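Chemist: predicted model and sequence below, questions to follow.
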Amino acid sequence: MAKKTTTRRAKISAKSIIDELKTPGLLIVGIVGGSMAGKMIDKVVKVDTTSTDFQAKKIVKPLVQITAGVGGALLLKDKNLKLIASGIAATGIASTVKVFLKKDLLQGLAQFAGLGEAVDGNIEQVFREPVNLKIAAYNPDLPALSSAGGGYAELPVETDFAGTELGAYQEIQEVEIL
């Protein structure tokens with residue numbers, strides 16, 4: 001006798017859907033909160049953006065964000081608060097990348113909740129000086145043409161293989177191939 005197998009259907013309910021969406025939602029809340037806190041840190045700690053030298057003030061913002069995020073994830077007991085703290089730590093990592101590599105990971109998200117914008121509202125971009133790729137002109141040292149015909153070189157008249165001149169050309173309208 002064959003055994004009868006039963007299949008279990010997953011129950012999809014509003015509660016299960018909310019539980020699944022809660023994790024990424026809380027991470028996003030942490031990222032937005034960490035970005036807003038980073039803007040407040042930028043207002044307090046003024047960094048000279050025109051200077052090309054390394055400034056210790058530049059690493060204050062990422063250090064505070066990462067410390068707050070990791071500390072919150074380790075010390076908090078609630079799972080939801082740990083997810084928010086992880087989002088804050090993620091903004092610290094993005095700020096660290098921006099400081100050291102001069103590239104903003106959140107630049108594409110500038111229209112959403114102010115993520116990736118510079119302090120003054122302009123998106124900062126890194127430019128480098130243009131490279132001069134101009135190549136010197138090539139002027140070959142060619143011999144001068146002879147000026148036998150009033151300053152112009154004379155071209156030979158076309159001849160057939162026997163050496164006789166061909167004369168005027170005739171236009172051929174139709175060619176018959178046998």
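Modeler: Looks like it came in fine.

Chemist: would you mind listing where this protein has pLDDT under the threshold?
Modeler: 1-10, 104-130, 145-171 (pLDDT under 70).

Chemist: quick one, longest helix in it?
Modeler: In terms of residue count, the longest helix belonging to the chain (DSSP state H) is helix 14-44.

Chemist: tell me the helix or strand right after that one.
Modeler: The first helix or strand that comes after helix 14-44 along the chain, using DSSP states H and E, is helix 60-75.

Chemist: list the buried residues of that next one.
Modeler: Buried residues in helix 60-75, counting neighbours by 16 or more other C-beta atoms under 10 Å, are found at 60, 61, 62, 63, 64, 65, 66, 68, 69, 72, 73. Any C-beta I mention is one placed from the backbone N, CA and C, and that applies to glycine too.

Chemist: just to revisit the earlier point, quick check: angle from the longest helix of the chain to helix 60-75?
Modeler: 150 degrees (axes from the mean of the first three to the mean of the last three C-alpha atoms, to 10 degrees).

Chemist: which of the three states applies to residue 134?
Modeler: Following DSSP: H, G, I helix; E, B strand; the rest coil, we place residue 134 in the coil state.

Chemist: and it, what is it in contact with?
Modeler: Contacts for residue 134 (C-beta atoms under 8 Å, 6 or more residues apart in numbering) come out as none.

Chemist: from what I see, residue 28 and residue 90 are in contact.
Modeler: No. Using C-beta atoms under 8 Å, residue 28 is not in contact with residue 90, being 9.8 Å away.

Chemist: okay, the two: which has more neighbours?
Modeler: Higher neighbour count among residue 28 and residue 90: residue 90, with 21 against 16, using other C-beta atoms under 10 Å.

Chemist: quick check: which element contains the more buried one?
Modeler: helix 79-101.

Chemist: list of residues touching that helix?
Modeler: 22-23, 26-35, 37-38, 58-59, 61-73, 76, 103-106.

Chemist: 7 Å instead, please
Modeler: 23, 26-31, 33-35, 38, 58-59, 61-62, 65-66, 68-70, 72-73, 76, 103-106 (C-beta atoms under 7 Å, 6 or more residues apart in numbering).

Chemist: tally of neighbours for residue 45?
Modeler: If you count neighbours by other C-beta under 10 Å, residue 45 ends up with 13.

Chemist: how near is residue 44 to residue 66?
Modeler: Per C-beta to C-beta, to the nearest Å, residue 44 is found 17 Å from residue 66.

Chemist: what does residue 172 give?
Modeler: 86 Å.

Chemist: could you do residue 47 as well?
Modeler: Residue 47 is 17 Å from residue 66, where distance means C-beta to C-beta.
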